[in-house]
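S.K.: sequence unknown, structure follows:
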């Protein structure tokens, strides 16, 4: 089987032989010439779970359990390595917690919640060092 992909900047040809051998040729117009990648698959199954799939964009992937009492876990999708900050705000806009750490590409988790927090809604604001931001609402029920 042979497939060709064409864009304004490059052309790629993909050839598959016997479902175990694949050759990809990419011509991106550079003077170095055509890039050729040759793969031979070992026939082992590929795990397509979220744990092995890298995120394509920054964001809050999940918060669980929601509602929570007394703590919950936030999972942040990290598409670029760097500093991740997580701030927690109450409904009046007061910052009640702040966390930060360096993270590599993948998923970063933080535990949030304190015994002295009152029942109600809170907002999680996650930021990375590249200017991306994501917000979600969480609910504490005592």
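M.R.: Looks like it came in fine. Values in this document were obtained by computation on a predicted structure and should not be read as measured data.
S.K.: Quickly list what residue 76 is bridged to.
M.R.: Beta-bridge partners of residue 76, counted by DSSP bridges, are residue 60, residue 108.
S.K.: just residue 98 next, same as before
M.R.: Listed beta-bridge partners, residue 98: residue 87 (assigned using DSSP bridges).
S.K.: can I assume it is in contact with residue 88?
M.R.: Yes - with contact taken as C-beta atoms under 8 Å, residue 98 and residue 88 are classed as touching, separated by 7.5 Å. Backbone N, C-alpha and C define where each C-beta goes, glycine included.
S.K.: The two - which one has more neighbours?
M.R.: Set side by side, residue 98 and residue 88 show unequal neighbour counts under other C-beta atoms under 10 Å, the larger going to residue 88 at 21 against 11.
S.K.: Identify the residue spatially nearest to that one, adjacent ones excluded.
M.R.: Once flanking residues are discounted, residue 88 sits nearest to residue 97: 4.1 Å by C-beta to C-beta, 6 or more residues apart in numbering.
S.K.: For residue 55, see how far away that neighbour is.
M.R.: Per C-beta to C-beta, to the nearest Å, residue 97 is found 24 Å from residue 55.
S.K.: number of nearby residues for residue 81?
M.R.: If you count neighbours by other C-beta under 10 Å, residue 81 ends up with 14.
S.K.: for the chain, what are the low-confidence residue spans?
M.R.: Along the chain, segments meeting pLDDT under 70 span 1-52.
S.K.: What ranges does it have for its strands?
M.R.: If you assign secondary structure with DSSP state E, the strands in the chain sit at 2-6, 11-17, 21-27, 35-40, 59-64, 72-78, 82-90, 95-103, 106-112, 120-128, 133-140.
S.K.: contacting residues around the fifth one?
M.R.: Strand 59-64 is contacted by residues 55, 72-77, 107, 124, 126, 132, 134-136, 138 when judged by C-beta atoms under 8 Å, 6 or more residues apart in numbering.
S.K.: Thank you kindly, that will do.
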